[in-house]
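Undergrad: Quick one: sequence and predicted model below, then my questions.
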Amino acid sequence: MIVLDYPYVSRFLADSVLELGQSVLDTPQARALVGDMPLDYIDEIEFSARLALGGKVYTNSENGLEHVLRCRCNEDLARQIDICKDKALFRETVAGLHPDYRFQRVSFDGLADFDPSSRTCPFIVKPTRGFFSLGVHVVDSPTDWPTVIKAIEAERAVLNAEYPEAVVSGGEFIVEQAIDGEEYAIDVYYDAEGNPVITNILHHSFLSAADVSDRLYYTSARIIETWLLPFTEYLRAVGCECGFRDFVTHVEVRVTDSGDILPIEANPLRLAGWCVADVTAHAWGFNPYECYFKELRPDWDAILTENQGMATVMVIGDLPPSLDRTTIRSIDYDGFQSIFSNVLELRKIDYRQYPVFAFAFASMPEAELDALKSTIMQDFTRFVVTK
């Protein structure tokens, strides 16, 4: 079954739902997002009954988790979701795999009394329930702490105006040590026996040491060849600690210079958000949603043989928080697309509702990635026409 909700449903996902014959929870949001597509809608009673019987479920957005959790008709599924959604609980659950990693919960009211000198800098502070790098701050020095608290206070109302409390909450934060190393985002499902099956690995490339944005992700044959086996074994260990079964999740990790794999977060019941999981079809030619529902395993040996030397990238056309989006008159989408030599797909996003104007998927030789990073180093206000 599928739960479709805001902020975005891609045409590829909607077509996949139709082709796979997956039932869709009948909500106003789902019908608004897919229009008049003849999907197999089911009501909440039928949805709950199927959940109780252990039916597979996928939601494109964390907004949709509320529908799954509300009935509490499958307590084991609810348990798996809760472990992922609460970043502190996730860390607590997998703590046995990382006994030296330091973190703690801090309430919003407790931030003012928190002693930043008790932590080795730099460290990270972020909502325990968060999404899309919202509310994430790097603290480089204890003297930064008052400024960070003021920024969190200012962001709090904005966060929950754009996303539900269940998705992004400013009520509780996790303070954790910063992890030096390369960051990767992994789309994976666990089968009925708890075996992890990876459908894609994206390198989350940051533009500077202080960058915490989601602007650039890419995948390549080199990335899959290097990390498929290590990440599969690591996710097997995570799955054992968390008790994941018949479960799909988007896991973010960092790999230290010494090769240690450390978790950042796990996002429940979905692959990459905003339907970025569609990049798998662009890059590798198979449907990740079909893999999950049919428990298919990608034939990586054959796939990678045909895709050497190329990278498939996803760039988010984000807008700086300081920009008053009500003053935007138009976006120069042609100029944004000109960044790439081979655009596979451009998704225009309602920038009045979200701090993003587009997602771009493109293909390029992996050797050209450094040039792309230099091009997107600046903010994208150069593509914004204001009133």
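TA: It's in.

Undergrad: Point out the other helices and strands that the longest helix along the chain packs with.
TA: Identified as the longest helix of the chain according to DSSP state H is helix 221-242. Secondary-structure packing of helix 221-242 (3 or more C-beta pairs under 8 Å, 6 or more residues apart in numbering; DSSP states H and E): helix 75-85, helix 87-93, strand 182-190, strand 196-205, strand 247-255, strand 261-268, helix 300-305. Quick note: C-beta positions are derived from backbone N, CA and C, even for glycine.

Undergrad: The same query, at a cut-off of 6 Å, please.
TA: Applying 3 or more C-beta pairs under 6 Å, 6 or more residues apart in numbering; DSSP states H and E, one finds that helix 221-242 makes contact with strand 182-190, strand 196-205.

Undergrad: Could you export those strands to JSON lines, including columns for distance to residue 235 and mean neighbour count?
TA: Listed next are the helices and strands packed on helix 221-242 as JSON lines, based on distance: least, C-beta to C-beta, whole Å; neighbours: other C-beta atoms under 10 Å:
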{"stretch": "strand 182-190", "distance to residue 235": "6", "mean neighbour count": "22"}
{"stretch": "strand 196-205", "distance to residue 235": "4", "mean neighbour count": "22"}
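
Undergrad: Now that we have these, can you turn them into CSV and tack on mean pLDDT and distance to residue 255?
TA: Listed next are those as CSV, based on pLDDT from 0 to 100; distance: least, C-beta to C-beta, whole Å:
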stretch, mean pLDDT, distance to residue 255
strand 182-190, 97, 5
strand 196-205, 97, 10
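
Undergrad: Could you dump those into CSV with distance to residue 297 added?
TA: Shown next, in CSV, are the helices and strands packed on helix 221-242 (distance: least, C-beta to C-beta, whole Å):
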stretch, distance to residue 297
strand 182-190, 10
strand 196-205, 5
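
Undergrad: now residue 333: how far from residue 352?
TA: Separation of residue 333 from residue 352 (C-beta to C-beta, to the nearest Å): 15 Å.

Undergrad: Equivalent analysis for residue 250, please.
TA: Residue 250 is 27 Å from residue 352, where distance means C-beta to C-beta.

Undergrad: quick one: low-confidence ranges for the stretch 1-150 of the chain?
TA: Flagging of the stretch 1-150 of the chain using pLDDT under 70 yields the residue ranges 130-134.

Undergrad: would you list every one of the helices in it?
TA: Under the criterion DSSP state H, counting those that start in this stretch, the stretch 1-150 of the chain carries helices at the ranges 11-20, 28-34, 44-52, 65-71, 75-85, 87-93, 145-162.

Undergrad: Mind giving me the packing neighbours of the fourth one?
TA: If I follow you right, that is helix 65-71. For helix 65-71, there is no helix or strand it packs on, judged by 3+ C-beta pairs under 6 Å, 6+ apart.

Undergrad: Can you list the neighbours in contact with it?
TA: Applying C-beta atoms under 6 Å, 6 or more residues apart in numbering, the external contacts of helix 65-71 come out as 3, 25, 48, 78, 166.

Undergrad: most neighbours, which of those?
TA: Per-residue neighbour counts (other C-beta atoms under 10 Å) across the contacts of helix 65-71 peak at residue 25, which has 25 neighbours.

Undergrad: wait, doesn't that residue sit right on residue 47?
TA: Yes. Look at residue 25 against residue 47 with C-beta atoms under 6 Å: they come within range, at 4.9 Å.

Undergrad: mean confidence score for stretch 317-327?
TA: The pLDDT scores in stretch 317-327 average 92.

Undergrad: residues in contact with it?
TA: Counting by C-beta under 6 Å, 6+ apart, 215, 336, 351, 352, 355, 356, 357, 358, 379, 380, 386, 387 sit against stretch 317-327.

Undergrad: between these, which is nearest residue 151?
TA: Closest approach to residue 151 among the contacts of stretch 317-327 (C-beta to C-beta): residue 355, at 15.1 Å.

Undergrad: which ones are touching the closest one?
TA: Counting by C-beta under 6 Å, 6+ apart, residue 355 touches residue 319.

Undergrad: Please apply the same query to the one 4 residues further on.
TA: By C-beta under 6 Å, 6+ apart, the residues touching residue 359 are 316, 347.

Undergrad: give me that answer again for 7 Å
TA: Counting by C-beta atoms under 7 Å, 6 or more residues apart in numbering, residue 359 makes contact with 274, 276, 314, 316, 347, 349.
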